[in-house]
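Participant: Give me the fold of what follows.
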Amino acid sequence: EADEAGGYYYNGPLTIARKVRLAASHGLQGVMVWEAGQDCREAPVWRHGKVAHVQTCPEQGPGASLLSAIRGALPPSSEGAGPHDEL
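Facilitator: Have a look, this model is predicted:
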């Protein structure tokens, strides 16, 4: 399955999850995200009792978020809380 739209290819949630699992299987200690600010938000962000940022993920919900794909593909941490627990 290719992540493609209108002849342009991109790294969607399925590709990102595969890349994270590949990195983990080779013993790598992390992955890099170029621009997390462009990822969609699964839920509104509330500040001081008001919505500061609206939900932007499409109808697919959490399945559309690249950060959720990374979190879901990470193996459980055997050393307690790790950096990925802060996502």
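
Participant: most centrally placed residue in this structure?
Facilitator: Centroid check for the chain by C-alpha atoms, centre = their mean gives Leu67 as the closest residue, at 1.4 Å.

Participant: per-residue confidence averaged over the helix or strand hosting that one?
Facilitator: Counting by DSSP states H and E, the element that carries Leu67 is helix 66-73. Averaged over helix 66-73, pLDDT sits at 87.

Participant: which of the residues in it are buried?
Facilitator: Buried residues in helix 66-73, counted by 16 or more other C-beta atoms under 10 Å: 66-70, 73. Placement of C-beta: from N, CA and C, glycine included.

Participant: just stretch 47-62 next, same as before
Facilitator: Using 16+ other C-beta under 10 Å as the test for burial, stretch 47-62 gives Cys57.

Participant: Only alpha carbons, please: show the longest helix anywhere in the chain as PDB.
Facilitator: Counting by DSSP state H, the longest helix found in the chain is helix 13-25. Extracted in PDB, the C-alpha atoms of helix 13-25 (Å, rounded to 0.1, in the frame of the first residue of the first chain):
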ATOM      1  CA  PRO A  13       0.700   6.600   9.400                       C
ATOM      2  CA  LEU A  14       1.200   3.100   8.100                       C
ATOM      3  CA  THR A  15       4.600   3.900   6.500                       C
ATOM      4  CA  ILE A  16       5.700   5.800   9.700                       C
ATOM      5  CA  ALA A  17       4.700   2.800  11.900                       C
ATOM      6  CA  ARG A  18       6.700   0.400   9.600                       C
ATOM      7  CA  LYS A  19       9.800   2.700   9.800                       C
ATOM      8  CA  VAL A  20       9.600   2.900  13.600                       C
ATOM      9  CA  ARG A  21       9.300  -0.900  13.900                       C
ATOM     10  CA  LEU A  22      12.300  -1.300  11.500                       C
ATOM     11  CA  ALA A  23      14.400   1.100  13.600                       C
ATOM     12  CA  ALA A  24      13.400  -0.700  16.800                       C
ATOM     13  CA  SER A  25      14.200  -4.100  15.300                       C
END
